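Student: Give me the fold of what follows.
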Amino acid sequence: QVQLVESGGGLVQAGGSLRLSCVASGSMFSINTMGWYRQAPGKAREKVAGITSGGNTNYADPVKGRFTISRDNAKNTVYLQMNSLKPEDTAVYYCNADVLKYSGGRIYRDNYWGQGTQVTVSS
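Tutor: Numbers count the residues shown, from 1 in each chain. Okay, the predicted model is just below:
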């Protein structure tokens, strides 16, 4: 099993910054894409940013220029630096990882979610 544990959420005023971290642990061959998603009350979960094992990144339009995703492959960790936060960024933020696992002589893909961390931006 693979576990993803997020940290770094909290309460911040508009214009402030937070840095989220997500550490992956457990039985896995390698990690492909890692990403951050968020879900605000009454809304569907949406992708915020993603990063490949090679460091290629993509961002949702609402966060471009304000958020930066990065990863440390040696530590199986992905980060989300969030600057110039707005009240509309308030949500539970979830880490996601697409991993390769080895079992029974074969390698296969699997996908995991963290438990989420609350980010609240006050106006």
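Student: Correct me if wrong: Tyr93 contacts Ala40.
Tutor: No - in this structure Tyr93 lies outside contact range of Ala40 using Cβ atoms under 8 Å: 10.3 Å. All C-beta atoms are positioned from the backbone trio N, CA, C, and that covers glycine.
Student: quick one: contacts for the residue positioned nearest the centre of the chain?
Tutor: Note on the chain: the residue nearest the mean C-alpha position is Trp36, at 2.7 Å, using Cα atoms, centre = their mean. Going by Cβ atoms under 8 Å, 6 or more residues apart in numbering, Trp36 touches 20, 22, 47-50, 69, 78, 80, 93-96.
Student: so which strand or helix has it?
Tutor: Assigned by DSSP states H and E, Trp36 belongs to strand 30-39.
Student: Now that strand: buried residues?
Tutor: Under the neighbour-count criterion of 16 or more other Cβ atoms under 10 Å, strand 30-39 has 31, 33-38 buried.
Student: which one among those residues gets closest to Gly54?
Tutor: Gly54 lies nearest to Thr33 out of those, by Cβ to Cβ, at 9.9 Å.
Student: coming back round to it: which one of the buried residues of strand 30-39 sits closest to Asp89?
Tutor: Lowest distance from Asp89 to the buried residues of strand 30-39 (Cβ to Cβ) belongs to Arg38, with 7.7 Å.
Student: which non-adjacent residue is nearest the closest one?
Tutor: Closest residue to Arg38 apart from its sequence neighbours, by Cβ to Cβ, 6 or more residues apart in numbering: Ala91 at 3.8 Å.
Student: Then Asn111?
Tutor: Closest to Asn111 by Cβ to Cβ, 6+ apart is Asp98, at 5.4 Å.
Student: With Leu4 instead?
Tutor: Among residues not flanking Leu4 along the chain, Gly114 sits closest, at 3.7 Å (Cβ to Cβ, 6+ apart).
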